[in-house]
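Colleague: A predicted structure for the sequence below; I have some questions about it.
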Amino acid sequence: MLKRHARTACTALAAAGLLLAGTGGATADSGPAAPSAATTLRTADAPPELLAAMQRDLGLTPTQAKARLAHEAEAGATAARLRDRLGAAFAGAWVDGADAATLTVATTRAADTAAIRATGAKARLVTRALADLDSAKAALDRAATTGTPVRYVDPRSNTLVVEEAEPGAAARLLAATGTDAALVTVVRTAEAPRPLYDLRGGDAYYMNGSGRCSVGFPVTKGTVNGFATAGHCGRAGTTTSGFNQVAQGSFQASVFPGNDMAWVAANTQWTSTPYVKGSGGANVQVTGSVLQPVGASVCRSGSTTGWHCGTIQQHGTSVTYPEGTISGVTRTTVCAEPGDSGGSYISGSQAQGVTSGGSGNCSSGGTTFFQPLNPILSAYGLTLKVTGSDPGPGPGPGEPEPGGTWKAGTVYAAGATVTHGGASYRCIQGHQAQPGWEPPNVPALWQRL
């Protein structure tokens, strides 16, 4: 565990997501075209400092960096729609290429390959469904120790990967859980993941006047301002002071281990803003919380190490720290150092999560894990602070509001169903709903039933 005392601060990370090709078109009687995923996620508004960090850390040209964000947005929605369509046969999806122009979707059912290719994605036929590998991983998670510190499902290899820090630890774990060794790829590692200790995302804050972490994402709860951060940074009741050492607030709730989530309520001297601290202190806009797919670019803003970028390796990863196991975190190639805990991960303008832990550093490289933000918002009833969104055309003069069960501010997980304007919709990408993101307006996020 990397606890950072008086002189350190925490990180911020971000990712970009993707959508189904061919949606958004209009026919003579279908009305105006629906916005693309890239439009919905405002990839064209990516700040210069984020694009510059992507160019530096991912070896991209300016054109490739911009194209990558747009491609990732479209691919994410495409993958989400296909996951919904393929059901139990779905075996994962990922993007490849410098500009993320290639989406691959895996299935266990040969009959699905034509439908996958029809969207412009590549199809891969595999033997194991994602749900089956996730179930096997859950059994390992319950028995794992620091000898097998990281477990994740790798869709590219269609296997369950177990990182082994001690010789024989993976074999013992498989034997103890009765897991079929044919499902598992064992990778030797010298890494020992630990929480990165250390009201704008990425700014430093101090706990009880000593340890330091970083603000994840500013939020509100009713009239109260505050921020989401990592659970290992403090327990309920822990007091905080800001980057300027002025009294700031206190932790209202915290979970660690199990998950790594918490939120801090600030006093009236502090106001939540819809920004993450960027390169040189510039403000980077936050416009939503759509989690991006495997292979997508992610960038981190941390008060210890500044802006760094990489890619998402796996979602739903489990990590066993010395303090216990946390599940449901996302594994990335972005570097981090002590003091980066709790800070923001952002993709384009979409909030991704808060820094949990990792290994390595920003000189030699490393691996980091972030706790996705949407579960934090949902668990604590928080509203992400975002910049103004387009409210859409709305009803015409004298027309009634459309009505239904959809509600702005609600965190919707993939698979959730709502009604709006007399129609039913299924959520295909998890997000916190916002005005202007009503289901008919955002086919990147909702599938009409």
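Modeller: That came through, no problem. Residues are numbered from 1 along each chain as shown.
Colleague: closest to the centroid, which residue in this structure?
Modeller: residue 352 (3.3 Å; CA atoms, centre = their mean).
Colleague: so for stretch 85-103, what gets flagged as buried?
Modeller: Buried positions in stretch 85-103, judged by neighbour count with 16 or more other CB atoms under 10 Å: 85-86, 89-95, 99-101, 103. To be clear about C-beta, it is placed using only N, CA and C from the backbone, and glycine gets the same treatment.
Colleague: apart from its chain neighbours, what residue comes closest to residue 128?
Modeller: Counting by CB to CB, 6 or more residues apart in numbering, residue 158 is the residue found nearest to residue 128 once chain neighbours are left out, at 5.3 Å.
Colleague: meant to ask about residue 70, not that
Modeller: The shortest distance from residue 70 to any residue other than its chain neighbours is 4.2 Å, reached at residue 38 (CB to CB, 6+ apart).
Colleague: quick one: neighbours of the closest residue to residue 126 other than its chain neighbours, just the number.
Modeller: Counting by CB to CB, 6+ apart, the nearest residue to residue 126 once its immediate chain neighbours are dropped is residue 158, at 4.1 Å. Residue 158 sits with 21 neighbouring residues when counted by other CB atoms under 10 Å.
Colleague: roughly how far apart are residue 158 and residue 79?
Modeller: Distance, residue 158 to residue 79, by CB to CB, to the nearest Å: 16 Å.
Colleague: and residue 368, bridged to which residues?
Modeller: Here residue 368 sits in beta bridges with residue 332, residue 358, going by DSSP bridges.
Colleague: who's in contact with it?
Modeller: Applying CB atoms under 8 Å, 6 or more residues apart in numbering to residue 368 gives the contacts 11, 13, 196, 300, 331-332, 334-336, 340, 355-358.
Colleague: which of those residues sit farthest apart?
Modeller: 331 and 340 (15.5 Å; CB to CB).
Colleague: neighbour count winner among the two?
Modeller: The neighbour count for residue 331 versus residue 340, taken as other CB under 10 Å, is higher for residue 340 (37 against 24).
Colleague: the more buried one is in contact with residue 355, isn't it?
Modeller: Yes: using CB atoms under 8 Å, residue 340 is in contact with residue 355, at 5.3 Å.
Colleague: any idea which strand is longest in this structure?
Modeller: Ranked by residue count and defined by DSSP state E, the top strand of the chain is strand 306-321.
Colleague: can you map out the helices along this protein?
Modeller: Secondary structure of the chain (DSSP state H): helices located at 37-40, 48-58, 62-86, 113-118, 130-143, 169-177, 373-380.
Colleague: of all those helices, which one is nearest residue 309?
Modeller: Nearest to residue 309, of those and by CB to CB, is helix 48-58 at 3.9 Å.
Colleague: which strands or helices does that closest one pack on?
Modeller: Other elements packing on helix 48-58 under the criterion 3 or more CB pairs under 8 Å, 6 or more residues apart in numbering; DSSP states H and E are helix 62-86, strand 297-302, strand 306-321.
Colleague: so that helix versus strand 297-302, what angle?
Modeller: Per axes from the mean of the first three to the mean of the last three CA atoms, to 10 degrees, the angle that helix 48-58 makes with strand 297-302 is 110 degrees.
Colleague: any idea how far residue 255 is from residue 357?
Modeller: In this structure, residue 357 and residue 255 are 15 Å apart, going by CB to CB.
Colleague: of these two, who's got more company?
Modeller: Higher neighbour count among residue 357 and residue 255: residue 357, with 28 against 20, using other CB under 10 Å.
Colleague: tell me the contacts of the more buried one?
Modeller: Listed by CB under 8 Å, 6+ apart, the contact set of residue 357 reads 1-2, 193-196, 232, 260, 319, 321, 341, 368-369.
Colleague: could I get those as TSV with distance to residue 433 and pLDDT?
Modeller: Conversion of the contacts of residue 357 to TSV gives the following (distance: CB to CB, whole Å; pLDDT from 0 to 100):
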residue	distance to residue 433	pLDDT
1	36	34
2	36	33
193	33	89
194	35	83
195	31	81
196	31	72
232	29	95
260	25	97
319	30	96
321	33	95
341	29	92
368	28	95
369	27	97
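Colleague: quick one, which of the residues you listed are buried?
Modeller: With burial judged by 16+ other CB under 10 Å, the buried subset of the contacts of residue 357 is 2, 193, 194, 195, 196, 232, 260, 319, 321, 341, 368, 369.
Colleague: show me which of those residues is closest to residue 119.
Modeller: Among those, and counting by CB to CB, the member closest to residue 119 is residue 369, at 30.6 Å.
Colleague: wait, the closest one sits on residue 328?
Modeller: No: using CB under 8 Å, residue 369 is not in contact with residue 328, being 10.0 Å away.
Colleague: how about the helices of the chain in JSON lines, adding mean pLDDT?
Modeller: Output for those, formatted as JSON lines (pLDDT from 0 to 100):
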{"stretch": "helix 37-40", "mean pLDDT": "94"}
{"stretch": "helix 48-58", "mean pLDDT": "92"}
{"stretch": "helix 62-86", "mean pLDDT": "97"}
{"stretch": "helix 113-118", "mean pLDDT": "98"}
{"stretch": "helix 130-143", "mean pLDDT": "97"}
{"stretch": "helix 169-177", "mean pLDDT": "97"}
{"stretch": "helix 373-380", "mean pLDDT": "98"}
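Colleague: of all the ones you listed, which one comes closest to residue 222?
Modeller: When those are compared by CB to CB, helix 373-380 sits nearest residue 222, at 11.8 Å.
Colleague: give me the helices and strands touching that closest one, please.
Modeller: Counting contacts by 3+ CB pairs under 8 Å, 6+ apart, helix 373-380 is packed against strand 217-221, strand 224-229, strand 247-255, strand 261-266, strand 350-361, strand 383-384, strand 411-412, strand 431-432.
Colleague: just the angle between the first one and strand 261-266, please?
Modeller: Spelled out, it's strand 217-221. With the same axes, to 10 degrees applied, the angle from strand 217-221 to strand 261-266 works out at 70 degrees.
Colleague: quickly run through the sheet partners of strand 217-221, with directions.
Modeller: Taking DSSP bridges as the criterion, strand 217-221 forms sheet pairs with strand 224-229 (antiparallel), strand 383-384 (antiparallel).
Colleague: nearest to residue 147, out of those strands?
Modeller: Each of these has some distance to residue 147 by CB to CB; the shortest is strand 224-229, at 29.1 Å.
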